[in-house]
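Engineer: Let's see this in three dimensions:
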Amino acid sequence: MSLKLKPLILCASTAAACFAGVALADVTPVPGANPRLPGVSLPTILSPELAQLVCAQGSMPVENPGNGVKYYGYRDDQPNLMPLPSAPGVLSNVEASKTEPDKNTYLVLERLTGPDSTYDYGQRFLFQGHEGPFALGKGYITRINLDANAAHRVTVIATKESDGVTDLPTFDGSTWYPWSGKLLFTAEGNGSTTGGVWQATPGYPSEVVPLLGVMGRGGYEGIQADSMGNLWIVEDIGGATVGGARLPNSFVYRFVPKSRYDLTKGGKLQVLQVISNVTGQPIVFQSSSALTQDIKDLHTYGNVFNTKWATIHDTDVDGFTPFSANALAKNGNPNFGDAKGTPFKRPENGVFRPGTHFREFYFTETGDTNAATSAAPDHGGFGGIQKLTQADPSSDGGKLTLFFKGDLEHAAFDNIVFWDRNRIAAVEDRGDSLHADGKALDSGWLIDTRKNYADPGSRPVRFLAQGRDPSATIDASLLGSAGFINDGDNEITGIHVSDGDPSVGGILGTKIPRPFRDGWRVFYTQQHGDNVTYEIIGAKNRDGRDRGWDDE
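Structural biologist: Numbers count the residues shown, from 1 in each chain. Take a look at the predicted model:
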């Protein structure tokens, strides 16, 4: 979709002003995923009650180019943004590196300035870290100024840490931490020498500070605050393949700060332990098999597990030297009795269910993104969604159950958010391999927490069937060619439902979301290809009335 002024104006307005729709009740399912066909570009399909507008796309120039950043979603490392013929009948594979704008964080803030000191940037902003390309090893942070005109639509607020020298890493997750008034960005590294959490101010230029000696290095993706100021961090580090399946190699963490108002003062990093129903001991990392009974039990409906939080690092004891959270989760820390964590099948993101006072936490597992995995269907090969329940968010223990078990049609869940009081919006990241194996592109699903998905009659509702834009189609044909560094098919990421409230009372999970009403807005990013970030809005009939809307 080409960028036009009209969609940008619509996206800049509040959803309530554009469309007076209320909370989404019944959504007409999209009947199937878009097929993956060689050389064929396909449009994204939404439920007829929904429509989407462009907020920004990869080729849009930023207002303040520099440090290798000229466009919203493309690096300025090649003169052309897509391959061009190098000779008659020969297509070059040389194109600019695509940056993968990732997790979205929407905020309504006053008095934010930008590079143009004479311009009013408005109050509504969408923040993103840029995840790729990994080959370059560095990223940046953008702010989409939703109230601004095209010339001021995208501001690069940081490419380096506050020292002015150190390049920012490729970022994945983001969230707002209201006590300190800082954005938090996560980098999905290897957990040993890369990865971690960085905090950033929302203004221009942003002051970005690493928290590597506080929360450590990990394959961090999802990050979410609870009402007590704790941070819940979900890690994704793919394990070695043993016996045709990846070893569970990623952990769920909770960080308990010494001061909510200054995270640099340190605190305790804890890892989630799940107690085996077979041995009565914590389920820990195993290097020999991805097909153990415990892993199968974790991915079986109806099983309930006791959980504990185990401290693996405390700055009061261990100091502020950067450390590997993943290694401590696997091996333990002698200062705390060598307690170890329970690994999962590539967790990606987690959210609290609204209205539960942060007692219910749901997190996705992406699984192996391989239709031939020996971990399917019983050992988490297709991923799923886990549910953790506690008496309160600071409790030392709780209960874990499998909420949704993935299969070939519902696979590789990545980003997750609550659409309303009861329904989760979860989007897939199958990757090029599973797209080819399953002959289908990604989908977005509404999954109802009131349903029992062990019942074959209970099925999620597909509200989005991802398409593939022309540039992603070209890229898919270039995969594997020498020197080509970008991904192929488009990916759904950054699904985000928020009213932008920056106060403590606005933490996701506090209020009941009401998409398209009272300032609640819905965003997602179509990574790769054209790198487009969309706002989802409520569709209308031709007579101007809301289409299929009602309070739930």
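Engineer: okay, and for the stretch 101-250 of the chain, where does confidence drop off?
Structural biologist: Applying pLDDT under 70 to the stretch 101-250 of the chain flags the ranges 133-135.
Engineer: Count the residues that sit near residue 165.
Structural biologist: Neighbourhood size, residue 165 [other C-beta atoms under 10 Å]: 7. Every residue, glycine included, has its C-beta placed from N, CA and C.
Engineer: Could you shift the numbering so residue one becomes 889, and keep it that way?
Structural biologist: All right, first residue 889 from here; so that's residue 1053.
Engineer: Stretch 1124-1140: which residues count as buried?
Structural biologist: Neighbour-count burial for stretch 1124-1140 flags 1124, 1125, 1126, 1127, 1133, 1134, 1135, 1136, 1137, 1138, 1139, 1140 (criterion: 16 or more other C-beta atoms under 10 Å).
Engineer: Centre of the chain to it, how far?
Structural biologist: Distance, stretch centre to chain centre, for stretch 1124-1140: 19 Å (C-alpha atoms, centre = their mean, to the nearest Å).
Engineer: CA atoms of that stretch as PDB?
Structural biologist: Once non-C-alpha atoms are left out, stretch 1124-1140 reads as follows in PDB (Å, rounded to 0.1, in the frame of the first residue of the first chain):
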ATOM      1  CA  ASP A1124      13.400 -16.100  23.600                       C
ATOM      2  CA  ILE A1125      16.600 -18.000  22.900                       C
ATOM      3  CA  GLY A1126      16.200 -20.900  20.600                       C
ATOM      4  CA  GLY A1127      17.900 -24.100  21.900                       C
ATOM      5  CA  ALA A1128      19.900 -26.700  20.100                       C
ATOM      6  CA  THR A1129      18.100 -29.200  18.000                       C
ATOM      7  CA  VAL A1130      18.200 -32.700  19.500                       C
ATOM      8  CA  GLY A1131      16.200 -35.600  18.200                       C
ATOM      9  CA  GLY A1132      14.300 -33.400  15.600                       C
ATOM     10  CA  ALA A1133      13.200 -30.700  18.100                       C
ATOM     11  CA  ARG A1134      14.600 -27.600  19.800                       C
ATOM     12  CA  LEU A1135      15.500 -27.900  23.400                       C
ATOM     13  CA  PRO A1136      13.500 -25.600  25.700                       C
ATOM     14  CA  ASN A1137      16.100 -22.900  26.400                       C
ATOM     15  CA  SER A1138      14.200 -19.700  27.400                       C
ATOM     16  CA  PHE A1139      12.900 -18.500  30.700                       C
ATOM     17  CA  VAL A1140      10.300 -16.200  32.300                       C
END
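Engineer: just to revisit the earlier point, could the buried residues of stretch 1124-1140 be laid out in CSV, adding distance to residue 1370 and secondary structure?
Structural biologist: What follows is the buried residues of stretch 1124-1140, written out as CSV (distance: C-beta to C-beta, whole Å; DSSP: H, G, I helix; E, B strand; the rest coil):
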residue, distance to residue 1370, secondary structure
1124, 28, coil
1125, 28, coil
1126, 24, coil
1127, 29, coil
1133, 30, strand
1134, 27, strand
1135, 31, coil
1136, 34, coil
1137, 30, coil
1138, 32, strand
1139, 36, coil
1140, 39, strand
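Engineer: And those residues, which is closest to residue 1401?
Structural biologist: Using C-beta to C-beta, residue 1140 comes nearest to residue 1401 of the buried residues of stretch 1124-1140, at 23.1 Å.
Engineer: separation between that closest one and residue 1111?
Structural biologist: 11 Å (C-beta to C-beta, to the nearest Å).
Engineer: so what's the residue lying closest to residue 1160 once chain neighbours are set aside up against?
Structural biologist: Nearest in space to residue 1160, with sequence neighbours left out and distances taken as C-beta to C-beta, 6 or more residues apart in numbering, is residue 1140 at 4.2 Å. Residues near residue 1140 by C-beta atoms under 8 Å, 6 or more residues apart in numbering: 1120, 1121, 1122, 1123, 1159, 1160, 1229, 1232, 1235, 1238, 1251, 1276.
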